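>>> give me the fold of what follows.
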Amino acid sequence: MQLSRFTDLGLRALMRLAISDRAQERVTAKLIARQVNASENYVAKAVSRLSELGYVESLRGRTGGIFLTPAGRSTTLGRIVRELEGDTEVVECQGVNPCPLASACRLRGVLAQAQRAFYAELDNFTLADLVDRRTVELLHLPVFPAVALIDD
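All right, here's what the predicted structure looks like:
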């Protein structure tokens, strides 16, 4: 199973916010995008969804920014990933080109069981389990625009 890029960026944004001190640091979608090497627009969309889910709070203005909520800190990764990924199956047996084996195939059930086990494992972890001192060191590096090299 592969997570969507949207979910990946949502998790990275949450990890970035998990190491922030709300009182001392202003974190924006632009900053997160630079630090996790992603599109600012895509990070903003992920942050918007995380806000709808109640995991982050976004405040406008000079003292604004994006902040992790208590729910964001305590919710399991399994729940976050379920909500970001949506209720989709690993394989789609129906649709425009339905699988001719669908009525007798057990693959769908096996994959659904594996997906439940995947989420159950993620339910054992929160954001605090994903970040440590090394994460802080990596994400708090100053972000400089790319410098053009000059040929001698």
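
>>> host element of Arg62?
Following DSSP states H and E, one finds Arg62 outside all helices and strands.

>>> CA atoms only for the lowest-mean-pLDDT helix or strand in the chain - export them in PDB, please.
One helix or strand of the chain scores below all others by mean pLDDT, DSSP states H and E: helix 133-139, with a mean of 76. Presented in PDB, the C-alpha positions along helix 133-139 are these (Å, rounded to 0.1, in the frame of the first residue of the first chain):
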ATOM      1  CA  ARG A 133      16.100  15.700  18.500                       C
ATOM      2  CA  ARG A 134      17.300  14.800  15.000                       C
ATOM      3  CA  THR A 135      14.000  15.900  13.500                       C
ATOM      4  CA  VAL A 136      14.400  19.200  15.200                       C
ATOM      5  CA  GLU A 137      18.000  19.600  13.900                       C
ATOM      6  CA  LEU A 138      16.900  18.700  10.300                       C
ATOM      7  CA  LEU A 139      13.800  20.800  10.100                       C
END
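
>>> hmm, who's touching it?
For helix 133-139, the external contacting residues (Cβ atoms under 8 Å, 6 or more residues apart in numbering) are Met15, Arg16, Ile19, Gln35, Val36. From N, CA and C alone the C-beta is placed, and that goes for glycine too.

>>> same thing but at 7 Å, please
Here helix 133-139 makes contact (Cβ atoms under 7 Å, 6 or more residues apart in numbering) with Met15, Arg16, Ile19, Gln35.

>>> now do stretch 93-105
With Cβ under 7 Å, 6+ apart as the test, stretch 93-105 has contacts from Arg108.

>>> repeat the analysis, applying 10 Å as the threshold.
For stretch 93-105, contacts defined as Cβ atoms under 10 Å, 6 or more residues apart in numbering pick out Val91, Glu92, Leu107, Arg108, Leu111.

>>> any weak-confidence spans in this protein?
Per-residue confidence of the chain (counting by pLDDT under 70) places the weak regions at 21-24, 139-152.

>>> mind naming the longest helix for it?
helix 107-122 (DSSP state H).
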